[in-house]
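*Asks:* got a sequence here, can you model it:
(chains A and B)
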Amino acid sequence: MIADDATLTRLAGLAQQGDKAAYAALLGAARHWLSRYYRRRVMPDQLDDLVQESLLSVHRKLASYDPSRPFAPWLAAIARYRFVDHLRLVYRRAEDELDNDLQAGNSDEPAIVARISLERLFEALPAAQQQAIELVKISGLSISEASASTGQSESLIKVNIHRGIKRLAALVERG
Amino acid sequence: MPDATENLIAGLVDNLKPVVPLRKRAGMILAVLALTAGALGMIGLVGMRADLRSGQPDPMALIAAGLFLVLALASFWAVVDMARPYVGVRREGWGWTALMAGVLPVAAIVLLGMNWLHGQPMPLELDGWNCLRFGLGWGLLSAAVQVWWLRRGAPSRPERAGLLVGVGAGAAGIFAVSLYCPHSDLVHIGVWHGLTVIVAGLLGRIAVPRLIAW
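*Replies:* Okay, the predicted model is just below:
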């Protein structure tokens, strides 16, 4: 069961004063909240890692919580930062692999982006960007295959992937 | 059997130490101290404008210095608050202040353009380069304090925080320079002093995010 925000706010204030029992209860509740938050955003195999990273951030940044304010928006900001950081890593890896693929002509790259739950975010992308990401990053087609399939030039496919993933990250960052 | 997350929580609870919450007032005091140290350092090093010394300040120079001072304080306020992340909090006051200070460079450019159109181009004195250099240099003190404060906190928008650190530091630095700079004309102040804030903002946007990542 997840405690209400007034309880969490009180527990967080006590935790800042060094109350270990309150801190244990706070982290337990935060764990549940974070699991729910990330479950809709990442694949199950990434869930625990993100929850644990966020709990570590809560621990390291406890002083940045203002006990006169509600706890939930602070935890939400921590969770969002960790999620955006996670997306940035995925984006960087995807971009590196895309570059490697173009240099090596290798079409068998793992579709990293396909591992993220993007369905709802995808709706905000222009059709050409959606198509490029789906074909190359999720279906695993090479740039040239995606180009032949869509009629977009190879450089346009690359640009659409780059812009699409960047836009997804920005959408998530805006919350 | 406890899972990895439960073990992590147990470890974190064991390691819990009391912490002092970041107070906005403390952050502002530090930032203002850095600004004051920069201004005093500048005066100590090269002295003060003659009109300020004599107690008869030039109105244009006084207004410009005041605008940069207010911009620095508004940026500090936003940066200090950014160390404490909250979803849903809007910090836009600094933007209006920046727009207000932005009138100076815009007016300078308009003046330069109008004079050029009327066949009377105004020379842009290159000694303004020194204002830019000294402004950036003295601004470093404010930048260092703000970065240190942000590293203690948890800024959730590092790029925005970096930009604001730069704007605040540039405005603080050029405020310090304004106490010495003998120029009182709109073109010099708008172009060189305004440029200092813009350059500092860009540098902050580029350099600071990696320093405050967590």
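*Asks:* how many neighbouring residues does B:Ile43 have?
*Replies:* Applying other C-beta atoms under 10 Å in any protein chain shown, we find 16 residues neighbouring B:Ile43. For glycine as for every other residue, the C-beta is placed from the backbone atoms N, C-alpha and C.
*Asks:* wait, it sits on B:Leu179?
*Replies:* Yes: taking C-beta atoms under 8 Å as the definition, B:Ile43 is a contact partner of B:Leu179 at 5.8 Å.
*Asks:* run a quick neighbour tally on the residue nearest to A:Gly13 when sequence neighbours are not counted.
*Replies:* Excluding its sequence neighbours, the residue lying closest to A:Gly13 (C-beta to C-beta, 6 or more residues apart in numbering or on different chains) is A:Pro67, at 4.0 Å. As a burial measure, A:Pro67 scores 15 neighbours (other C-beta under 10 Å).
*Asks:* how about B:Trp96?
*Replies:* The burial count for B:Trp96: 10, using other C-beta under 10 Å.
*Asks:* now do it against B:Pro158, distance only.
*Replies:* 23 Å (C-beta to C-beta, to the nearest Å).
*Asks:* now swap in A:Ala76 and tell me
*Replies:* 17 Å.
*Asks:* B:Met42 too?
*Replies:* Distance from B:Met42 to B:Pro158, counting by C-beta to C-beta: 30 Å.
*Asks:* cool, B:Arg23 as well?
*Replies:* On the measure of C-beta to C-beta, B:Arg23 and B:Pro158 end up 22 Å apart.
*Asks:* and if you look at A:Val159?
*Replies:* Per C-beta to C-beta, A:Val159 is found 26 Å from B:Pro158.
*Asks:* the two: who's more crowded?
*Replies:* Here A:Val159 and B:Pro158 are compared on neighbour count by other C-beta under 10 Å; more neighbours surround B:Pro158, at 21 against 15.
*Asks:* the more buried one reaches B:Ala207, doesn't it?
*Replies:* No: applying C-beta under 8 Å, one finds B:Pro158 not in contact with B:Ala207, separated by 11.1 Å.
*Asks:* how much space between the residue nearest to A:Leu125 when sequence neighbours are not counted and chain B?
*Replies:* Spatial nearest neighbour of A:Leu125, chain neighbours left out: A:Gly164 (5.3 Å); criterion: C-beta to C-beta, 6+ apart. Computed as C-beta to the nearest C-beta, to the nearest Å, the A:Gly164 to chain B distance reads 20 Å.
*Asks:* in which helix or strand does A:Gly164 reside?
*Replies:* helix A:154-174 (DSSP states H and E).
*Asks:* contacts for that helix next, please.
*Replies:* A:41, A:80, A:83-84, A:87-88, A:91, A:94-95, A:98, A:102, A:113, A:118, A:121-122, A:124-125, A:128-133, A:135-137, A:143-144, A:146-147, A:150, A:152, B:157 (C-beta atoms under 8 Å, 6 or more residues apart in numbering or on different chains).
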